[in-house]
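Q: 3D model of this:
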Amino acid sequence: MKIISYDCFSGISGDMNLGAMIDLGIDKSYLINELHKLNLKGWELIVQKDQRHGITGTKVTVKQTRHEHAHRYLSDIEKIINDSSLDDKTKELSRKIFMKIATAEASVHGISIEKVHFHEVGAVDSIVDVVGAAICFNALKVDGVHVSPVELGSGFVNCDHGKLPVPAPATAEIIKDIPVKKGGVDFEATTPTGAAILAALGTDFSADRPLKIEKTAYGVGQKDHPDVPNLLRVFLGETIAGSESGHDSLHLECNIDDMNPEFVEYISDRLFKAGASDVFFSNIIMKKGRPGIVLNVICETELADSVKTIIFTESTSLGIRTFPFRKDTLVRKFETIQTIYGDVTVKRSFYKEKEVSCKPEYEECKKIATEKGIPVKEVYNNIMAMLVHK
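A: The predicted model follows:
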């Protein structure tokens, strides 16, 4: 499996993450062109090489070229994302990261998500940081994200709500269930944006997972600490065959017999957007012969709270059964091949180092079929024929 591994020994912020991604190989021009699809005015991305304690990395600063007083709600930010010309996967991941922040803010302030009033995180620079993170992640086409214990820092931070302890309350809420460290530096090392990126992307928070490193990159922070280099280190590599065949996940299910079946598609869509690995429904006969359904959701353990929130608020279920289980998966590798339709991404799957399947990405086949006005099965079958004879 192709993996990004975050080493957050000095925390993480949105701009440090962008710096690390560019240092890892994401083209600066590509990132800027994609960000322009947001149709946001008044910002400039400054990218430069810098050093901390003799280590060279990439420093990114989102400079606002005009002052704005916009304090946005989640619906405002989602509208900016939804109205953009970004691809669907980037929109979905961007919304997921912002939802992490909104859920935390709602919990801290004791209000509904719809009433959360973004201040710092609603500013143009934070929107660029979050959407930029989604753009970079999808461009790298990795299978998973490993995260080391995250340094939070110490002291106090000034914000629109006044002087708050580090970690800021929203950060502390977002970073729940993720291993952390505190006090390694005397400033806010991990911001709400940085915490939300890790919470949304992270698939493994265990320490010392075996990894064959292909590249190391550094995102340079805005501060310069005398003892600890203010850097975010990321590794790009592959898991060692056989070492990552599975991990612990959750299966949540509930019986429903009094809900409008038209709601099923909407609930399923929301659960997938929240990060569920799979959502499916089974027909059952309940007490007194009433027909019903079982809603089944497979998700990573850190997503349990957000999945339960969606089920309880969107369905008529009064209770959820949660079963921990081990999820064993094939080792997967993505690569780009040349076809009669141009470059297409294919996914190769391996069991005990032996390839057991290879197929093109469906979304790319669908896009080709739409552009050329031909059946998607024709595109898929032609590419599969090339793979068989390759």
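Q: Look up the closest residue to residue 356, ignoring the ones flanking it.
A: Leaving aside its sequence neighbours, residue 356 sits nearest to residue 349 (Cβ to Cβ, 6 or more residues apart in numbering; 5.7 Å). No exception for glycine: its C-beta is placed from N, CA and C like everyone else's.
Q: Just confirm that neighbour is within a strand.
A: Yes - under DSSP: H, G, I helix; E, B strand; the rest coil, residue 349 sits within a strand.
Q: Walking through the stretch 251-390 of the chain, point out its strands one by one.
A: With DSSP state E, counting those that start in this stretch, the ranges of strands along the stretch 251-390 of the chain come out as 278-285, 291-299, 321-328, 331-339, 342-351, 354-360.
Q: repeat for the stretch 101-250 of the chain
A: 144-147, 150-151, 156-159, 162-165, 180-181, 211-220, 231-239, 246-256.
Q: and stretch 380-390, what's its mean pLDDT?
A: The pLDDT scores in stretch 380-390 average 86.
Q: mind listing what residue 299 touches?
A: Neighbouring residues of residue 299 by Cβ atoms under 8 Å, 6 or more residues apart in numbering: 249-250, 252, 275-277, 307.
Q: what stretches of the stretch 101-250 of the chain score poorly on pLDDT?
A: 119-122, 160-161, 207-208, 240-246 (pLDDT under 70).
Q: now with 80?
A: For the stretch 101-250 of the chain, applying pLDDT under 80 flags the ranges 117-122, 159-162, 206-210, 239-248.
Q: any idea how this structure splits into domains?
A: 2-239, 246-324, 331-389 (automatic domain parsing).
Q: among those, which is the most enclosed?
A: Comparing these by mean neighbour count (mean count of other Cβ atoms under 10 Å), domain 2-239 comes out on top with a mean of 19.
Q: what's the first-to-last distance across that domain?
A: Length of domain 2-239, first residue to last, Cα to Cα, to the nearest Å: 7 Å.
Q: what do you get for stretch 215-226?
A: 27 Å.
Q: Name the residues that touch that stretch?
A: So stretch 215-226 is contacted by 10-11, 13, 15-21, 23-25, 50-52, 55-61, 185-187, 230-237 (Cβ under 8 Å, 6+ apart).
Q: if you set the cut-off to 6 Å instead, what comes out?
A: Stretch 215-226 is contacted by residues 16, 19-20, 23-24, 50, 52, 57, 59, 185, 187, 230-236 when judged by Cβ atoms under 6 Å, 6 or more residues apart in numbering.
Q: Repeat that for stretch 282-297.
A: 252-257, 271, 276, 279-281, 307.
Q: Could you do stretch 178-196 as well?
A: 10-14, 97, 100-101, 126, 129, 149-155, 157, 166, 170-171, 174-175, 205, 223, 225, 228.
Q: one step back: would you single out the least confident of the strands of the stretch 251-390 of the chain?
A: strand 331-339 (a mean of 83).
Q: Just want the angle from that strand to strand 354-360.
A: Following axes from the mean of the first three to the mean of the last three Cα atoms, to 10 degrees, one obtains 50 degrees for the angle between strand 331-339 and strand 354-360.
Q: elements contacting strand 331-339?
A: strand 342-351 (3 or more Cβ pairs under 6 Å, 6 or more residues apart in numbering; DSSP states H and E).
Q: Adjacent strands (with direction) for the strand it packs on?
A: strand 331-339 (antiparallel), strand 354-360 (antiparallel) (DSSP bridges).
Q: Make JSON lines from those and add distance to residue 367 to it.
A: Output for the strands paired with strand 342-351, formatted as JSON lines (distance: least, Cβ to Cβ, whole Å):
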{"stretch": "strand 331-339", "distance to residue 367": "13"}
{"stretch": "strand 354-360", "distance to residue 367": "11"}
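Q: re earlier: now tabulate the contacts of stretch 282-297 in JSON lines and tack on distance to residue 333.
A: Below are the contacts of stretch 282-297 laid out as JSON lines (distance: Cβ to Cβ, whole Å):
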{"residue": "252", "distance to residue 333": "30"}
{"residue": "253", "distance to residue 333": "32"}
{"residue": "254", "distance to residue 333": "36"}
{"residue": "255", "distance to residue 333": "39"}
{"residue": "256", "distance to residue 333": "39"}
{"residue": "257", "distance to residue 333": "44"}
{"residue": "271", "distance to residue 333": "28"}
{"residue": "276", "distance to residue 333": "24"}
{"residue": "279", "distance to residue 333": "26"}
{"residue": "280", "distance to residue 333": "27"}
{"residue": "281", "distance to residue 333": "32"}
{"residue": "307", "distance to residue 333": "29"}
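Q: now, the most widely separated pair of these?
A: By the measure Cβ to Cβ, 257 and 276 form the most distant pair in those, at 22.2 Å.
Q: Let me know whether residue 8 touches residue 150 as I believe.
A: Yes - assessed by Cβ atoms under 6 Å, residue 8 is found in contact with residue 150 at 4.3 Å.
Q: can you pull up the bridge partners for residue 233?
A: residue 7, residue 218.
Q: how much space between residue 258 and residue 223?
A: 55 Å (Cβ to Cβ, to the nearest Å).
Q: Helices along the chain, start to end?
A: 14-24, 28-35, 74-82, 88-109, 124-140, 169-174, 192-201, 263-273, 304-314, 362-372, 376-389 (DSSP state H).
Q: want to throw those helices into a markdown table with distance to residue 328?
A: As requested, the helices of the chain are exported to a markdown table (distance: least, Cβ to Cβ, whole Å):
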| stretch | distance to residue 328 |
| --- | --- |
| helix 14-24 | 29 |
| helix 28-35 | 35 |
| helix 74-82 | 35 |
| helix 88-109 | 25 |
| helix 124-140 | 24 |
| helix 169-174 | 29 |
| helix 192-201 | 22 |
| helix 263-273 | 22 |
| helix 304-314 | 20 |
| helix 362-372 | 23 |
| helix 376-389 | 25 |
